[in-house]
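Student: need a structure here:
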Amino acid sequence: MTPLSILDRSLIRQGQAPAAALRDTVRFAREAEELGYHRFWVSEHHSVPGVAGSAPTVLAAAVAAATSRIRVGTGGVMLPNHRPLVVAEQFGVLESLHPGRIDMGLGRSVAFTGGIRKALGVGREAAEGFPTQLTELLGFFTGGQDAYPGVHAIPAEGLRPQVFVLAVGSGADIAAALGLPLVIGGSSPAEAAARYRAAFRPSEWSADPYVMVAANVAVGETAERAAALQLPEAWATARSRVRGEFPPLRPPGEILRMDLPERERARLEDALKGQISGTEDEVAARLRDLVTVTGADEVLVTMNTYDLDDRLDSYRRLARLVW
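Tutor: Numbers count the residues shown, from 1 in each chain. Now for the predicted structure:
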């Protein structure tokens, strides 16, 4: 049975305060642990009105403290936004307090707008330095970094949180070269997975290639019900691409009644493409196909909808699938 894990971005519902969305994430992590999911990850987004998850290591600490068995991590910390020493120290604290349960998922994306990048103190070109930053970060754990002689990341040095690289752009090649597990999504995950495995070099972090495939998955009593669950996030994504702003989630019925401009409707249809939804049998078959095609060692599921009870019902149905 391929392990199932969860990525939660702490999306805000219409009329909800960001603080409430963060508390929902911590409660959801406890529910995910009871349902038997393998990992629970949080993400990093800055100055997005519809997303409360801006400080992933802080939120991961709250999630880890509220749970006892499930692995906890980030999907991910965007390394170009931070100094590697500080990231190492933060994950060193997490791993020290919750030994054997911490995942350090890392990405190379920079903020979407120039204003946010300026506030973070980085430029668009910062993503190009990701391989160097990543090597430096890992060195703070192994004691092998030589960029700053005499500098030690305490308490990180000697610890080994599980490291993952998010495959955006050249991420698969970087993960392979450094011998790190890989997280992939998008329209052609099989191609990225094959390239990664072919180029993988064993390291002290991972002796073998490891591929986690990310997918948006909804399970419902009917296929129509499951598809409706994916509308709120897909609509918010479409609006962000047309208007430059990711809004709080709205109910599926309200979205269906909207008279959307043609461009926004086309973006909504694009956002729904490639997502997996249906009844339990239908989703089990789609997941089997996904794992067969990609050779995935694990599936990372993300699905946000307006109603939290509906979301939990979908994840409960997903957790009991046999595929």
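
Student: identify the residues contacting Leu22.
Tutor: Ser10, Ala52, Gly53, Leu59, Ala62 (C-beta atoms under 8 Å, 6 or more residues apart in numbering). (Glycine included, C-beta is placed from N, CA and C.)

Student: farthest pair in these?
Tutor: Farthest apart among those by C-beta to C-beta are Ala52 and Ala62. That separation is 12.2 Å.

Student: ok, those two, which is more surrounded?
Tutor: The residue with more neighbours, out of Ala52 and Ala62, is Ala52; 24 against 16, by other C-beta atoms under 10 Å.

Student: that's a strand at Leu7, yeah?
Tutor: Yes: under DSSP: H, G, I helix; E, B strand; the rest coil, Leu7 sits within a strand.

Student: that older thread, which of the contacts of Leu22 sits closest to Asp281?
Tutor: When the contacts of Leu22 are ranked by distance to Asp281 (C-beta to C-beta), Ser10 comes first, at 31.3 Å.

Student: that closest one and Val42 touch, don't they?
Tutor: Yes: between Ser10 and Val42 there is a contact under C-beta atoms under 8 Å: 6.7 Å.

Student: excluding chain neighbours, give the residue nearest to Pro247 in space.
Tutor: Counting by C-beta to C-beta, 6 or more residues apart in numbering, Pro247 lies nearest to Gly50, which is 5.0 Å off, once chain neighbours are set aside.

Student: which residues does the one you found contact?
Tutor: Neighbours of Gly50 in contact, by C-beta under 8 Å, 6+ apart: Leu11, Ile12, Ala236, Glu245, Phe246, Pro247, Pro248, Leu249.

Student: for PyMOL, what selects the buried ones among these?
Tutor: To isolate the buried members of those in PyMOL, using 16 or more other C-beta atoms under 10 Å:
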select buried, resi 11+12+236+246+247+248+249
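
Student: could the contacts of Gly50 be laid out in JSON lines, adding pLDDT, distance to Thr74 and secondary structure?
Tutor: Below are the contacts of Gly50 laid out as JSON lines (pLDDT from 0 to 100; distance: C-beta to C-beta, whole Å; DSSP: H, G, I helix; E, B strand; the rest coil):
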{"residue": "Leu11", "pLDDT": "98", "distance to Thr74": "16", "secondary structure": "strand"}
{"residue": "Ile12", "pLDDT": "98", "distance to Thr74": "19", "secondary structure": "coil"}
{"residue": "Ala236", "pLDDT": "97", "distance to Thr74": "22", "secondary structure": "helix"}
{"residue": "Glu245", "pLDDT": "87", "distance to Thr74": "24", "secondary structure": "coil"}
{"residue": "Phe246", "pLDDT": "94", "distance to Thr74": "19", "secondary structure": "coil"}
{"residue": "Pro247", "pLDDT": "95", "distance to Thr74": "24", "secondary structure": "coil"}
{"residue": "Pro248", "pLDDT": "97", "distance to Thr74": "23", "secondary structure": "coil"}
{"residue": "Leu249", "pLDDT": "98", "distance to Thr74": "22", "secondary structure": "strand"}
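
Student: in CSV, list the contacts of Gly50 along with distance to Met303.
Tutor: Output for the contacts of Gly50, formatted as CSV (distance: C-beta to C-beta, whole Å):
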residue, distance to Met303
Leu11, 10
Ile12, 16
Ala236, 13
Glu245, 22
Phe246, 16
Pro247, 18
Pro248, 17
Leu249, 12
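
Student: select the longest helix from this structure.
Tutor: helix 18-35 (DSSP state H).
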